[in-house]
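**Student:** Fold the following.
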Amino acid sequence: MAGDFSHRNLRATLHPDQDECLCETNGELDCSIEGEECNALPGEVVDLPKGIPHGLFDNSRKPVTGISWVEPTGTLFELFKAIYSIGNPNDVVQIAGEFNEEFLSAQQASPNWTVSIV
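**Tutor:** Below is the predicted model of the structure:
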């Protein structure tokens, strides 16, 4: 799945059943993986293991794009389609629970991010 991660500030989310990887193609994301801080630069791959809390932050407020993939896919693709245009973080958190995905706090999910499904 390719995405525009600009202005994305999803704090403290985890996937209990899937491993996720993210490869930056443009821009820079600050990452927090189980409390450890790192940066994702173009061409770098960030490993987000299942069950581990992680957050992705566009602190630069500049365009950020990347490719993300999960294994096994499960229902994550359907979740992304379901929350594609949802602006209310509380609604995103509620919908995510229906897909066995977890945001650890409604206040930590930002309404200012988009995902392009390709």
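**Student:** Which strands or helices does the host helix or strand of Phe80 pack on?
**Tutor:** Element membership for Phe80, per DSSP states H and E: helix 76-83. Counting contacts by 3 or more C-beta pairs under 8 Å, 6 or more residues apart in numbering; DSSP states H and E, helix 76-83 packs against helix 89-98. C-beta coordinates here come from the backbone N, C-alpha and C atoms, glycine included.
**Student:** Now the helix it packs on: average pLDDT?
**Tutor:** This predicted structure assigns helix 89-98 an average pLDDT of 82.
**Student:** What of stretch 43-62?
**Tutor:** 85.
**Student:** Need the distance between the two termini of it.
**Tutor:** 17 Å (C-alpha to C-alpha, to the nearest Å).
**Student:** And stretch 80-89, by the same measure?
**Tutor:** Stretch 80-89 end-to-end distance (C-alpha to C-alpha) = 14 Å.
**Student:** Now do the helix holding Phe80: distance to the chain's middle.
**Tutor:** Chain-centre distance of helix 76-83: 12 Å, with C-alpha atoms, centre = their mean, to the nearest Å.
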